[in-house]
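Asks: heads up, no residue letters with this:
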């Protein structure tokens, strides 16, 4: 297609787009989850907006593509451009390069259970389409020999890569193992811009017309915006007379500033300065985190420590070419917290609050976690349906096969336990008053409190597995409690004793003598963990300490053999032994879609004037096998 460049494009379209394309082959490595994908080519793609039809072209050249985000490992692999939750991220982009006129990305899928079906499709060569989400900074307009309008984006930045279902760019695909790109297109589908949006969290922003007439206030905004961008008043006047909308003028001003000062606007995204939107966002997040936690800020975040919430939010607003409304601080607070163009931009203040809040919450959550999680076996759940733990007995003994004889079948016994995930959540808010008063204390305290509460919820649920039935534990599917004496269980002392050599020896012997599900095969469960309440902490520490003695009868055989865990929710003098969970897991814990612990989500408040913050924990736990634990009631 021959292009006859006539003039620079008048920026009437949005600077946020996505491009989707069918997958033709796979380079997926099942062991590492990595794959190589051609995410963009210079192939013209038909688009439509209120101005009519046109063909969009992405310039594939080192000076045209800002690759800093993809090469730094900061770009996510998303599910269909959704970004409303951390669970929408299904992988990460590790690197990117321009190769044979194509933009190629190296990516890796997450090992979470909910991502495994996508991995299976990739391995089988029947994967979904690949798509790139990007922001446009500079474009040029031209006509081909047939008179078709061509919009070529000469300065653009990829923000994320998605696996999607709807194709558009016929030459973008996930590569095969040899990196072949010789994929003949069999699909000629094209898409209008209106057909691309999945939901309100996608990176697509369609152009909208401003309502209202061109009054003096709007003209003043044009002149003020032109002045901030270093443009003459005549430039603003031309767009006022042409009837441009405010959004159109903002983009026109950015493009004009780029034309007049290319060094400043063409590659600023690659520099670690506050002029770079990504670097500014990271620096603001660092400053917020330092203020919330009282820790020392790092790098450029230290420069922002003296600024208020309104100051920081105004910097983000100016970064995207808008004018902060400093005349009304309440309206400025609303402007800072509002969505940009229908979806949260990557550098918007609510997203930074979410990210910072998650860091504060996770810190508090990890500090307050129960030590019992260290002796649980972890699994992930894709939904809230019942989780089953199926245990098979050891394989039957091999039997001699005489010459010419038949190999006989052997049977294995099985046992099943089950539990479900449950959702625990609370909502609090960051009010407009707190934003205006620069009060982050309540926000930080609430996130930290939710982190501790989530850890306490998990601990209460886990401990209840062992304290039910008067301390004998919950019932298993056979109707008997977790702990019991005699032939049924054989994992409880008939009489309580202190933590001493005789008591621990009896517990170790009980675990060593455990039989498999078939009731015959020894499994030799080895005790590795000693769990006590706070009342026995000092006693346990003294006993497990190595004793140097000449008399062999005074040597402590358990010194260094057991790891001590103190759970204050065990309020009596009982103590328990546990095997390593990789050998015999007594109980299991599960999280939804691999999300460890609670997550923070934010939205612009409706019932409350401000930001609503929601902390959600999807968690479940259940007993797996009585053969990995021993209970001594204590004295």
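Replies: Received the coordinates, thanks. Just so we're clear, the structure is a prediction, and the values are computed from it rather than from any experiment.
Asks: okay, CA-based contacts and neighbour counts for the rest of this
Replies: Noted.
Asks: what's next to stretch 612-621, contact-wise?
Replies: 419-430, 447, 450, 454, 458, 461-462, 587-592, 597-605 (Cα atoms under 8 Å, 6 or more residues apart in numbering).
Asks: Give me the buried entries from those.
Replies: When these are checked for burial by 16 or more other Cα atoms under 10 Å, the buried set is 419-421, 428-430, 447, 450, 454, 458, 462, 587-592, 597-605.
Asks: residues near the closest residue to residue 627 other than its chain neighbours, how many?
Replies: Counting by Cα to Cα, 6 or more residues apart in numbering, residue 627 lies nearest to residue 514, which is 6.2 Å off, once chain neighbours are set aside. A count of nearby residues for residue 514, using other Cα atoms under 10 Å, gives 22.
Asks: check contacts around residue 514.
Replies: Contacts for residue 514 were tallied using Cα under 8 Å, 6+ apart; they are 490, 522-525, 627.
Asks: measure it to residue 492 for me?
Replies: Spatial separation of residue 514 from residue 492 under the definition Cα to Cα, to the nearest Å is 12 Å.
Asks: again, but for residue 364
Replies: Residue 364 is 36 Å from residue 492, by Cα to Cα.
Asks: What distance separates the opening and closing residues of stretch 490-497?
Replies: Between the start and the finish of stretch 490-497 there is a gap of 16 Å, counting by Cα to Cα.
Asks: thinking again about what came up before, which of the contacts of stretch 612-621 fall in strands?
Replies: In strands, defined here by DSSP state E, the members of the contacts of stretch 612-621 are 419, 422-430, 587-592, 599-604.
Asks: Is the residue lying closest to residue 598 once chain neighbours are set aside within a helix or a strand, and which one?
Replies: Nearest-residue entry for residue 598: residue 617, 4.3 Å, with adjacent residues in sequence omitted and distances by Cα to Cα, 6+ apart. Assigned by DSSP states H and E, residue 617 belongs to strand 610-623.
Asks: same question for whatever helix or strand comes next after that strand, mean pLDDT?
Replies: Remark: after strand 610-623, the chain's next helix or strand is strand 629-632, criterion DSSP H and E. In this model, strand 629-632 carries a mean pLDDT of 97.
Asks: What of stretch 118-130?
Replies: Averaged across stretch 118-130, the pLDDT comes to 75.
Asks: Likewise for stretch 95-111?
Replies: Here the mean pLDDT over stretch 95-111 is 88, rounded to a whole number.
Asks: And the chain, what are its domain boundaries?
Replies: Using automatic domain parsing, the domains assigned to the chain come out as 3-195, 219-356.
Asks: As JSON lines, these with distance to residue 368 and mean neighbour count would be great.
Replies: Rendered in JSON lines, the data for the domains of the chain read as follows (distance: least, Cα to Cα, whole Å; neighbours: other Cα atoms under 10 Å):
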{"stretch": "domain 3-195", "distance to residue 368": "22", "mean neighbour count": "19"}
{"stretch": "domain 219-356", "distance to residue 368": "16", "mean neighbour count": "18"}
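Asks: wait, which of these is closest to residue 466?
Replies: domain 3-195 (28.2 Å; Cα to Cα).
Asks: did I read that right, residue 507 in a helix?
Replies: Yes - with DSSP: H, G, I helix; E, B strand; the rest coil as the criterion, residue 507 is located in a helix.
Asks: How many residues are close by it?
Replies: Other residues near residue 507 number 24, with proximity taken as other Cα under 10 Å.
Asks: ok, for it, nearest residue in space, not its chain neighbours?
Replies: What sits nearest to residue 507 in space, not counting adjacent residues and going by Cα to Cα, 6+ apart, is residue 630, at 6.1 Å.
Asks: so the one you found bridges to which residues?
Replies: Applying DSSP bridges to residue 630 yields these beta-bridge partners: residue 577.
Asks: Surely it and residue 576 touch.
Replies: Yes - between residue 630 and residue 576 a contact is recorded at 5.5 Å, counting by Cα atoms under 8 Å.
Asks: which one of those two has more residues nearby?
Replies: Counting neighbours by other Cα under 10 Å for residue 630 and for residue 576 shows that residue 630 has the greater number, 28 against 22.
Asks: At which residues are the helices of the stretch 51-200 of the chain located?
Replies: For the stretch 51-200 of the chain, applying DSSP state H, counting those that start in this stretch gives helices covering 68-71, 116-124.
Asks: Turn those into a markdown table, including distance to residue 333.
Replies: Shown next, in a markdown table, are the helices of the stretch 51-200 of the chain (distance: least, Cα to Cα, whole Å):
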| stretch | distance to residue 333 |
| --- | --- |
| helix 68-71 | 29 |
| helix 116-124 | 41 |
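Asks: Looking at those, spot the one closest to residue 295.
Replies: In terms of Cα to Cα, the element of the helices of the stretch 51-200 of the chain nearest to residue 295 is helix 68-71, at 27.0 Å.
Asks: Show me what the mean pLDDT comes to for that closest one.
Replies: Here the mean pLDDT over helix 68-71 is 84, rounded to a whole number.
Asks: that older thread, out of the contacts of residue 514, which is most surrounded?
Replies: In terms of neighbours by other Cα under 10 Å, the contacts of residue 514 top out with residue 627 at 27 neighbours.
Asks: wait, what's in contact with that one?
Replies: Under the criterion of Cα under 8 Å, 6+ apart, the neighbours of residue 627 are 489, 491, 511, 514-515, 525, 584, 586.
Asks: Secondary structure for those residues - can I get that in JSON lines?
Replies: Putting those into JSON lines (three-state DSSP) gives the following:
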{"residue": "489", "secondary structure": "coil"}
{"residue": "491", "secondary structure": "coil"}
{"residue": "511", "secondary structure": "helix"}
{"residue": "514", "secondary structure": "coil"}
{"residue": "515", "secondary structure": "strand"}
{"residue": "525", "secondary structure": "coil"}
{"residue": "584", "secondary structure": "coil"}
{"residue": "586", "secondary structure": "coil"}
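Asks: By neighbour count, which of these wins?
Replies: The most crowded member of these is residue 491, carrying 29 neighbours; neighbours defined as other Cα under 10 Å.
Asks: got the contact list for it?
Replies: 483-485, 507, 510-511, 626-627, 629-631.
Asks: switch the cut-off to 7 Å
Replies: Residues in contact with residue 491 (Cα atoms under 7 Å, 6 or more residues apart in numbering) are 483-485, 510, 629-631.
Asks: quick one: which of those residues is nearest to residue 52?
Replies: Proximity of the contacts of residue 491 to residue 52 was ranked by Cα to Cα; the top entry is residue 629 with 71.3 Å.
Asks: just the contacts of residue 627 now: which is nearest residue 231?
Replies: Using Cα to Cα, the contacts of residue 627 come closest to residue 231 at residue 586, 70.2 Å.
Asks: from memory the closest one sits against residue 629, does it?
Replies: Yes - the pair residue 586 / residue 629 is scored as a contact, 6.3 Å apart, by Cα atoms under 7 Å.
Asks: gap between the nearest residue to residue 578 once chain neighbours are set aside and residue 58?
Replies: Residue nearest to residue 578 in three dimensions, not counting chain neighbours: residue 629, with 4.4 Å by Cα to Cα, 6+ apart. Distance, residue 629 to residue 58, by Cα to Cα: 62 Å.
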